[in-house]
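Trainee: I need the structure of the sequence given here:
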Amino acid sequence: MQTILIIEDEAKMRRLLELNLGDDGFKTLSAGDAETGLKLLASEPVHLVLTDLKLPGISGLEFLQTAKQQNPALPVVVMTAFGSVETAVEAMKAGASDYVLKPFSLAEMRMVVHKELDNSRLREENRSLREALGQKYSHPNIVAISPKMQEVLATVERVAPTNSTVLLGGESGVGKDLIARAIHEKSRRTSGPFIKINSTAIPENLLESELFGYEKGAFTGAIASKPGKFELADKGTLFLDEIGDVPAATQVKLLRVLQEREFERLGGTRTIKVDVRLLAATNRDLRAALEDGTFREDLYYRLNVVPIDIPPLREHKEDIPGLAELFLARFAKDSGRSETINGISSAAMQLLAGHYWPGNVRELQNVIERACALASGSQLEASDIQLDSPRNRNNATSDRFLPDGMTLDQWEDEMIREALKRAGGNKSQAARLLGLSRNALRYRLSKIGIDDNDGE
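Mentor: A predicted model of the protein is given here:
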């Protein structure tokens, strides 16, 4: 049985919470002030703390800071008055797991408590994540041989069965939509809808109506009522991509849906209740957006319950051969060439492995699709692989001497691979393109692990 410590100076509210959580099968401890709460916390194991922020003597915020020093993993949910959202955000920064605005419904409180206990279990399991990576995780259409991608899938396995909001981070093209779909398919909502919406693909003035729907006559052209994505995703999952670009007015409504699971359509007065799990994704640094005031702090903390950062392709190049083979099989089948194209040559694979991949997995997919369309032999050769030159990636207005994120050694290695590609794998011709002697090129090839036994 899990134990919940309730710290609330209002006796009636304290008793109401005790009875309600007790009916849910929890053991409860209660205190009317923070000092008594700290003594109870030290006397026996507690799985979650529910505390008011405004308390006699030591404040709820001071209690939170002390409790977190003693046990950083302890989930603490704070209660605060409706007009004190700034205080709640301050508590979240100090380590609170979530906050509930007074007045609240008991159903809302039960939902928050169960969610935080689920998250606590998830965090506890993730402490042993490194050891758990001995087990291989897999999912259709996701190649994850590398330790970094295995870590991503291990987190997916743990978070999927919960109802926790997940914030997916990573560069454009890393496959955030695939990870979001994997979470949905491994969740208890897998029989429900999976609805995706990209906030940058919709004009700012239409995004709110796309998310929340509208009533007839809400604006010019609204000749009939229309449900929004939240209604369509009821009992399922809504994946909101590029959430960092959501305008401020829509952020307010998103926050309400996350807190209260309800909203009104544009131009409507009827409150609509929904049961939707939200998965969000961004390629922006939302913490920087917090600092410049373009993203709400309270929404950020609501979204960032379980963050999953997906690494760029250049940081898990062990997955390139598997991804390339997956894309080749797919595009060969789609183009009716599965009988004639059956592999990728070692020279072509070396070119793929050596590329910097600024466009990540999406760029690799496009390269393989183009190579499959142009290939004349039974396998993809180095001459079929057309990679963007690193020169084209260099911003002409930038004061950087090298492309973003590249060292001089990486730049040199990529130029060697580019020369090999242009020379069709002929090493003597590649040496001439680079202005090097054949021996100088041989030395550099050995440094980057390219076989020099053939291809004069």
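
Trainee: For the nearest residue to A88 once chain neighbours are set aside, the count of nearby residues, please.
Mentor: The shortest distance from A88 to any non-neighbouring residue, by CB to CB, 6 or more residues apart in numbering, is to Y99 (4.0 Å). To be clear about C-beta, it is placed using only N, CA and C from the backbone, and glycine gets the same treatment. The number of residues packed near Y99 is 23, by other CB atoms under 10 Å.

Trainee: so who does Y99 touch?
Mentor: 77-80, 88, 91-92 (CB atoms under 8 Å, 6 or more residues apart in numbering).

Trainee: cool, D9 as well?
Mentor: D9 neighbours (CB under 8 Å, 6+ apart): 32-33, 52, 54-56.

Trainee: For the closest residue to it other than its chain neighbours, give me its contacts.
Mentor: Using CB to CB, 6+ apart and skipping the chain neighbours, the partner closest in space to D9 is G32 (5.1 Å). Residues near G32 by CB under 8 Å, 6+ apart: 7-9, 11, 14, 56.

Trainee: Please point out which parts of the lengthiest helix in the chain sit buried.
Mentor: The longest helix of the chain (DSSP state H) is helix 106-126. For helix 106-126, burial by neighbour count (16 or more other CB atoms under 10 Å) applies to 109-110, 112-113, 115-120, 122, 126.

Trainee: That helix - contacts with which helices or strands?
Mentor: When contacts are defined as 3 or more CB pairs under 8 Å, 6 or more residues apart in numbering; DSSP states H and E, helix 106-126 packs onto helix 11-23, strand 48-52, strand 76-81, strand 98-102, helix 147-159.

Trainee: continuing past the first one, what's the next helix or strand?
Mentor: If I follow you right, that is helix 11-23. Sequence order places strand 27-31 as the next helix or strand after helix 11-23, per DSSP states H and E.

Trainee: I'd like the next helix or strand past that following strand.
Mentor: Downstream of strand 27-31, the first helix or strand assigned by DSSP H and E is helix 34-43.

Trainee: what's in contact with that next one?
Mentor: Residues outside helix 34-43 that contact it (CB under 8 Å, 6+ apart) are 5, 7, 29, 31, 46, 49, 51, 55, 57-60, 62-63, 66-67, 70.

Trainee: which ones are touching I341?
Mentor: 328, 332, 372, 375, 377-380.

Trainee: before we move on, back to that, pick out whichever of the contacts of G32 sits closest to G435.
Mentor: I7 (73.7 Å; CB to CB).

Trainee: pretty sure the closest one contacts E62?
Mentor: No: using CB atoms under 8 Å, I7 is not in contact with E62, being 11.7 Å away.

Trainee: Compare those two and say which is more crowded by neighbours.
Mentor: More crowded of I7 and E62, by other CB under 10 Å: I7, with 30 against 15.

Trainee: Go ahead and flag the most central residue of the chain.
Mentor: Note on the chain: the residue nearest the mean C-alpha position is L168, at 0.7 Å, using CA atoms, centre = their mean.

Trainee: which stretches of the chain have low pLDDT?
Mentor: Filtered on pLDDT under 70, the chain yields the residue ranges 82-85, 123-136, 338, 389-406, 451-456.

Trainee: Just the strands from it, written as ranges.
Mentor: For the chain, the strands defined by DSSP state E occupy 3-7, 27-31, 48-52, 76-81, 98-102, 166-169, 194-198, 237-241, 262-264, 271-273, 277-282, 306-309.

Trainee: need the contact list for the residue nearest to the centre of the chain.
Mentor: For L168, the contact set (CB under 8 Å, 6+ apart) comprises 176, 179-180, 279-282, 307-310.

Trainee: Of the residues you listed - the most surrounded one?
Mentor: L279 (29 neighbours).

Trainee: residue contacts, that one?
Mentor: Contacts for L279 (CB under 8 Å, 6+ apart) come out as 165-166, 168, 180, 183-184, 237-240.

Trainee: can I get the residues you listed in TSV with distance to F194?
Mentor: Shown next, in TSV, are the contacts of L279 (distance: CB to CB, whole Å):
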residue	distance to F194
T165	15
V166	13
L168	14
A180	8
I183	10
H184	5
T237	5
L238	8
F239	7
L240	12
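
Trainee: For these, pick the one with the most neighbours.
Mentor: Busiest of the contacts of L279 [other CB under 10 Å] is I183, holding 29 neighbours.

Trainee: looking at it, it is touching A160, isn't it?
Mentor: Yes: at 4.9 Å, I183 and A160 qualify as touching, with contact defined as CB under 8 Å.
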